[in-house]
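Visitor: Have a look; sequence and predicted model below, questions after that.
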Amino acid sequence: DQQVKQNSPSLSVQEGRISILNCDYTNSMFDYFLWYKKYPAEGPTFLISISSIKDKNEDGRFTVFLNKSAKHLSLHIVPSQPGDSAVYFCAASDSGTYKYIFGTGTRLKVLA
Amino acid sequence: DAGITQSPRHKVTETGTPVTLRCHQTENHRYMYWYRQDPGHGLRLIHYSYGVKDTDKGEVSDGYSVSRSKTEDFLLTLESATSSQTSVYFCAISESAEYEQYFGPGTRLTVT
């Protein structure tokens, strides 16, 4: 049973436009969320986090939004650049265990 | 980049043989984790450690054991490798359980 779902396996966006990557979760106890980017043959790289006390967190071109009532979070990348082409994973945990559950990933392709 | 190395980076082994993967960190972080990445599953936690000699199971721990005798080293052992353990294995470290995790470059293991 997948507790963290990334329902779009892939996404293509034009350079300069906004990329929106979505993540849904089922466990209402999850209260801390991470986004990672992964290039082929490399380990995942941490991008941005958000806790359940916030509904938005920004870091440069990356913004994460959290909608707790819908159990949904999204990562916005503006503007998208070709170097953003990678697989993006969301992960969620609860503050009781801090064991992260990862989604299956979304492959983003930014077209020049 | 966090100082995390994994060895070996690639390994091919036969069914039934023991295999040990090593994760080494230079950051003096308390928490260390082993994940496996498989198509359609994202990253799944195998075992983690919250200190020297302190370890706990993750969601896919069957067939794996771990040891941590020094802060900087976390070993993952497959006592008797099976083809279902063919995967890419990632080590991660974290300063504290609730903080983001930083990943190593991965080990690609093939069990024939």
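Guide: Perfect, thanks for sending it. Residues are numbered from 1 along each chain as shown, chains lettered A, B, ... in the order given.
Visitor: Quick check: residue B:48 vs chain A, distance?
Guide: Distance from residue B:48 to chain A, counting by CB to the nearest CB, to the nearest Å: 7 Å. For glycine as for every other residue, the C-beta is placed from the backbone atoms N, C-alpha and C.
Visitor: Can you tell me which residues in chain A are near chain B?
Guide: For chain A, the residues found near chain B under the criterion CB under 8 Å from any CB of the partner chain are A:4, A:6, A:32, A:34, A:36, A:41-46, A:49, A:89, A:91, A:93, A:95, A:98-105.
Visitor: Narrow the residues you listed to those that are buried.
Guide: Buried subset of the residues of chain A next to chain B (neighbour count, 16 or more other CB atoms under 10 Å in any protein chain shown): A:4, A:6, A:32, A:34, A:36, A:43-44, A:46, A:49, A:89, A:91, A:93, A:98-105.
Visitor: Where does residue B:109 sit: helix, strand or coil?
Guide: With DSSP: H, G, I helix; E, B strand; the rest coil as the basis, residue B:109 sits in strand.
Visitor: what ranges do the strands span in the chain?
Guide: I'll assume chain A. Along chain A, counting by DSSP state E, strands occupy A:4-5, A:10-14, A:19-25, A:32-38, A:45-51, A:56-59, A:62-67, A:72-77, A:86-93, A:101-102, A:106-111.
Visitor: that's the wrong chain, I wanted chain B
Guide: In chain B, the strands defined using DSSP E lie at B:4-7, B:10-13, B:19-25, B:31-38, B:42-51, B:54-57, B:64-70, B:73-78, B:87-94, B:102-103, B:107-111.
Visitor: near chain A, which residues of chain B?
Guide: By the criterion of CB under 8 Å from any CB, the positions of chain B lying close to chain A are B:4, B:35, B:40-45, B:48, B:58-59, B:90, B:92, B:97-98, B:100-106.
Visitor: Thanks a lot, see you next time.
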